[in-house]
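Asks: Need a 3D model of the sequence below.
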Amino acid sequence: MFNKIDFETWERKEHFNYYTNLVKTNYSLTAELDITLLLEKIKEKNLKFFPTMLFCIIKGVNQNKEFRTDYDNEGNLGYWDYVVPSYTIFHRDDKTFSDIWSEYDENFKIFYKNVIEDIEKYKDVKGIKAKSGRGKNFCPISCLPWLSFTSCADDTYTESKMLFPVITFGKYFEKHKKTFVPISIFINHAVADGYHTCKLINDIQEIINKIETWIEK
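Replies: Got it, this is the predicted structure:
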């Protein structure tokens, strides 16, 4: 469901106008997430890292309506009840990628099954958009498993009306006897400030920390 925002009473009215019309600003924020416990648990359960990390990220996004903000088909500003992950799969033979999506579910086992089945079904389908049928409620998420980056920034040559974040995580690495993964979030400043993006990153870390409360459900 799409929930329209009453723009005249919206607390971000002035900020939205400022960053949409006067100072058109996007920004990126990169952080390191502690995934030591997550890796331990998925190894015990013989689970794959990517679908599990994807769950943590999209669950965090869906806890924050700022990152579900969008326009409907009539141009009304609002936010979706939830968004689905729109993510990339890599083709090793020709080194290209394809974009697919999976239905979101708060139940980890259902979500994990959705992702595993979609990756298997579309792993050999070439082209930028391999799976059709994606709605407007989506969040782009990519993985760069070849590099433990310290910064990641996105840019476009033309003005975009997309308000969703673009999220990228990289190769995990060890430091101080723990394991971390870099995550970068590209944000439209009109809908989210530094506070909101920091909260999203901290929420994802908290979801990871509480893996024992959802991995069995």
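Asks: Pairing partners for the longest strand along the chain, with directions?
Replies: Counting residues, the longest strand found in the chain (DSSP state E) is strand 178-188. With DSSP bridges as the test, strand 178-188 is paired with strand 26-34 (antiparallel), strand 166-170 (antiparallel), strand 173-175 (antiparallel).
Asks: Pull out the buried residues from the longest one.
Replies: For strand 26-34, the neighbour count (16 or more other CB atoms under 10 Å) marks 26, 28-33 as buried. In short, each C-beta sits where N, CA and C put it, glycine included.
Asks: Tell me where the model's unsure across this protein.
Replies: When residues are selected by pLDDT under 70, those of the chain lie in 156-159.
Asks: Now do the helices in the chain.
Replies: Ranges of helices within the chain are 13-17, 36-45, 49-62, 108-122, 194-209, 211-214, based on DSSP state H.
Asks: from the chain's centre, how far out does the first one sit?
Replies: So that's helix 13-17. What separates the centre of helix 13-17 from the centre of its chain is 24 Å, taken as CA atoms, centre = their mean, to the nearest Å.
Asks: contact partners of the longest strand of the chain?
Replies: Identification of contacts with strand 178-188 by CB atoms under 8 Å, 6 or more residues apart in numbering yields 19, 26-36, 39, 53, 57, 148-154, 162-163, 165-174, 197, 200-201, 204.
Asks: what do you get for stretch 103-115?
Replies: By CB under 8 Å, 6+ apart, stretch 103-115 touches 47, 50-52, 54-55, 58-59, 62, 82-85, 102, 214-215, 217.
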